[in-house]
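Student: can't give you the sequence, but here's the structure:
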């Protein structure tokens, strides 16, 4: 590898192509959840439509790979700056907590039965992902398991990077990725419910770490040609692994090879988008529409199950289900538009005002220019 360079030489502050990936991630998750209600409930288990809709759930893993890359980059770029931990946790809290806890409070006040099963504490303290299925809460806040995984990652990863020598970062990441594979294999062999295995942080961390590995490789000065080759190879291996697992049995996509393949796939995709993609792909990923969706993707992820479930209950009461393909697609489009509208309001009146507080570093005895920080909506 080459000698390390300054951050400005290594990677730009903002990578528009990643906005496009984030937008595709939230759209995949939205179509996945909506499709489960409106497109595949009565379709055969072996149908191509069912397989397509179910695999769109991996949009969550694309979110994880993006988070792993962006958060690791932010941490590595600020390791030698004062107030490392306080600045990071302050900025993470401002990005995640206002919307999250506002939504939880609104859900608790408006529909307390949502938390009648496992209660509200697992959501408040971010340990929902350690618990099994709960029909009541999964309807409206079932997606929060992934927010718990990310919050646990934010809690631990800064400490790991801070106390790990530079030369040990890549070996440690590779070791942890292997550990995730063996954790899944062991728990699956012991008969643990797949619902739980999929949501445990130490079983799902290889997808986050794939993005983290790309961030480390770039900042350690790996030559671009070698990095692109590795990312392309990882993407191909991921696709091949998923194809093999899907052929053996669709029910074991995550046990244990599936998530390893997903990590390789999305780690490779993120790396290739960072180091340049073709003109046509770049034009799509950097489009204003995807940029707008990306900016509001977090709120869309938080909100999207509400219009989905409300619409489903309404149509169920009207006895018009199941729907044909075209009406189902129109309903999904409507849910997407309502979700985006809710997210737009959230960004305009809650998230954006709260993010302005990042400039208020109350813990600093001397101010450091905000421009020195990595700029990210992640």
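Tutor: Received it, and whenever you're ready, just let me know what you need. Everything numeric in this text was worked out from a predicted model, so none of it was measured.
Student: Low-confidence stretches in this structure?
Tutor: The chain contains residues with pLDDT under 70 at 1-10, 45-46, 249-255, 276, 366-378.
Student: for it, which helix is longest?
Tutor: Secondary structure of the chain per DSSP state H: the longest helix is helix 84-110.
Student: Can you name every helix or strand that that helix contacts?
Tutor: Secondary-structure packing of helix 84-110 (3 or more Cβ pairs under 8 Å, 6 or more residues apart in numbering; DSSP states H and E): helix 121-124, helix 135-141, helix 144-163, helix 297-303, helix 352-355. Glycine gets a C-beta too; all of them are placed from N, C-alpha and C.
Student: wait, which of those is closest to residue 27?
Tutor: Nearest to residue 27 among those is helix 297-303; the distance by Cβ to Cβ comes to 8.8 Å.
Student: Pull out the buried residues from the longest helix of the chain.
Tutor: Applying a neighbour-count criterion of 16 or more other Cβ atoms under 10 Å, one finds 87-88, 90-92, 94-96, 98-100, 103-104, 107 buried in helix 84-110.
Student: and that helix, how far from the chain's centre?
Tutor: Per Cα atoms, centre = their mean, to the nearest Å, the displacement of helix 84-110 from the mean C-alpha position of its chain is 16 Å.
Student: any idea of the angle it forms with helix 144-163?
Tutor: When axes from the mean of the first three to the mean of the last three Cα atoms, to 10 degrees is applied, the directions of helix 84-110 and helix 144-163 differ by 170 degrees.
Student: circling back to that earlier point, tell me which of the helices and strands packed on helix 84-110 sits most buried.
Tutor: Comparing these by mean neighbour count (mean count of other Cβ atoms under 10 Å), helix 297-303 comes out on top with a mean of 23.
Student: What's the first helix or strand after it?
Tutor: Note on helix 297-303: by DSSP states H and E, the next helix or strand toward the C-terminus is helix 305-317.
Student: on contacts alone, who are the packing partners of that following helix?
Tutor: Identification of packing neighbours for helix 305-317 by 3+ Cβ pairs under 8 Å, 6+ apart yields helix 16-38, helix 135-141, helix 325-346.
Student: Residues touching that helix, excluding its own?
Tutor: Residues outside helix 305-317 that contact it (Cβ atoms under 8 Å, 6 or more residues apart in numbering) are 33-34, 37-38, 139-143, 321, 323, 331, 334-335, 338-339, 342.
Student: With stretch 331-345 instead?
Tutor: Stretch 331-345 has contacts (Cβ under 8 Å, 6+ apart) with 27, 30-31, 34-35, 38-39, 293, 296-300, 303-304, 306-308, 311, 315, 323.
Student: Give me the buried subset of these.
Tutor: Here, 16+ other Cβ under 10 Å leaves 27, 30-31, 34-35, 38-39, 293, 296-300, 303-304, 306-308, 311, 315, 323 buried among the contacts of stretch 331-345.
Student: so who does residue 161 touch?
Tutor: Residue 161 sits next to 72, 75-76, 79, 169 when contact means Cβ under 8 Å, 6+ apart.
Student: can we see that at 7 Å?
Tutor: 75-76, 79 (Cβ atoms under 7 Å, 6 or more residues apart in numbering).
Student: and if you look at residue 90?
Tutor: Counted by Cβ under 7 Å, 6+ apart, residue 90 has contacts residue 363.
Student: mind listing what residue 268 touches?
Tutor: 231-232, 234-235, 238.
Student: Over to residue 104?
Tutor: Per Cβ under 7 Å, 6+ apart, neighbours of residue 104: 120, 123-124.
Student: and the nearest residue to residue 339 once chain neighbours are set aside, backbone torsions?
Tutor: Spatial nearest neighbour of residue 339, excluding adjacent residues (Cβ to Cβ, 6 or more residues apart in numbering): residue 304 at 4.5 Å. When read as degrees, to the nearest 10, the backbone of residue 304 gives phi -60, psi -30.
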